[in-house]
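Enquirer: My questions concern the predicted model and sequence given below.
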Amino acid sequence: MRLVFGDLHLADIRAWREAELGVKRGWALEFPLFGQRYEALGEMLWQAKAVVRVSAVTAKGRPAVKVGQVFDKELVSWLIKEGNVDAFGEHGEFHTSVSFED
């Protein structure tokens, strides 16, 4: 089994996944986005033909983001400016889902 994670910079979460899922279970793990800068990731995302929406929000993320809200350049810029929530939800404030439309 191969698992791919979208973690960006949480080394403790990555280490746990490597120990529990990689070492203990023998699964192949990939972290293709780990260590990438938000600016570079954002540019790739904005150029892709993907629609990203907020799919879940924790108490930490409210009221900054709402379920169903489009995760786009404007939202990221606003979150960076406000500074109360990680712009990519990296600390569990929110989660996103990606779909590809024609």
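Expert: Everything's here; your move. Residues are numbered from 1 along each chain as shown.

Enquirer: just checking, residue 17 is part of a strand?
Expert: No. Under DSSP: H, G, I helix; E, B strand; the rest coil, residue 17 falls outside any strand and is assigned helix.

Enquirer: you'd agree it is up against residue 5?
Expert: Yes. Here residue 17 reaches residue 5: they are 6.5 Å apart, a contact under CB atoms under 8 Å. Backbone N, C-alpha and C define where each C-beta goes, glycine included.

Enquirer: where does residue 12 fall, phi/psi-wise?
Expert: Note on residue 12: backbone dihedrals following degrees, to the nearest 10 are phi -70, psi -40.

Enquirer: going forward can the numbers begin at 240, since that is how I track them
Expert: Renumbered: residue one is now 240, and that last one reads residue 251.

Enquirer: What separation is there between it and residue 335?
Expert: Applying CB to CB, to the nearest Å, the value for residue 251 to residue 335 is 21 Å.

Enquirer: So which of these two has more stuff around it?
Expert: Neighbour tally, residue 251 and residue 335, criterion other CB atoms under 10 Å: the higher count belongs to residue 335, 17 against 7.

Enquirer: Can you name every helix or strand that the one helix or strand residue 293 maps to contacts?
Expert: Using DSSP states H and E, residue 293 falls within strand 289-296. Secondary-structure packing of strand 289-296 (3 or more CB pairs under 8 Å, 6 or more residues apart in numbering; DSSP states H and E): strand 333-339.

Enquirer: Okay then, goodbye and thanks.
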